[in-house]
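**Student:** Can you look at this prediction? I've put the sequence above it.
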Amino acid sequence: ASEFLESAQVKMSDIVVSPSRFMLEWVQGRGWELPRRTYVQQNILSEELREQSMNPSSLIKDAGRRVIAGADINEIVFFGRLEILKGVNVLCDALDLLGKQE
């Protein structure tokens with residue numbers, strides 16, 4: 001069931017960015033339709049964000065107003081399988097915390 005949801009999400013996306021060519025080939029091999037604009041971009045985390053990730057509360061505080069690389073962040077996107085093992089529950093908890101700040 002979760003693979004159907006993920007493949008439908010990818011099929012309806014304007015752009016897909018994958019951390020590896022292997023992942024794109026793997027999902028295509030499983031019959032997923034990828035949009036024309038599909039790219040590979042390795043996961044790269046700046047030193048500042050790596051340090052902040054060790055203290056999650058610093059990421060939650062004023063998250064909607066954080067400025068990274070000169071751009072305001074006003075949208076959160078979860079990249080991962082839609083399962084607890086990949087952290088979807090952490091995303092939901094973070095969204096709850098953000099909602100309480102407003």
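**Tutor:** Looks like it came in fine. Numbers count the residues shown, from 1 in each chain.
**Student:** could you give me the average pLDDT of stretch 9-25?
**Tutor:** Averaged over stretch 9-25, pLDDT sits at 89.
**Student:** what's it in contact with?
**Tutor:** The contact list for stretch 9-25, computed with CB atoms under 8 Å, 6 or more residues apart in numbering, reads Val27, Trp32, Glu33, Leu34, Pro35, Arg37, Thr38, Tyr39, Val40, Gln41, Gln42, Asn43. For every residue, glycine as well, the C-beta is placed using N, CA and C.
**Student:** Now do that stretch: distance from first to last residue.
**Tutor:** 17 Å (CA to CA, to the nearest Å).
**Student:** mind listing what's buried in it?
**Tutor:** Val10, Val16, Ser18, Leu24 (16 or more other CB atoms under 10 Å).
**Student:** Can I get these in TSV including secondary structure and distance to Val88?
**Tutor:** Supplementary listing: the buried residues of stretch 9-25 in TSV, determined by DSSP: H, G, I helix; E, B strand; the rest coil; distance: CB to CB, whole Å:
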residue	secondary structure	distance to Val88
Val10	helix	16
Val16	strand	18
Ser18	strand	18
Leu24	helix	22
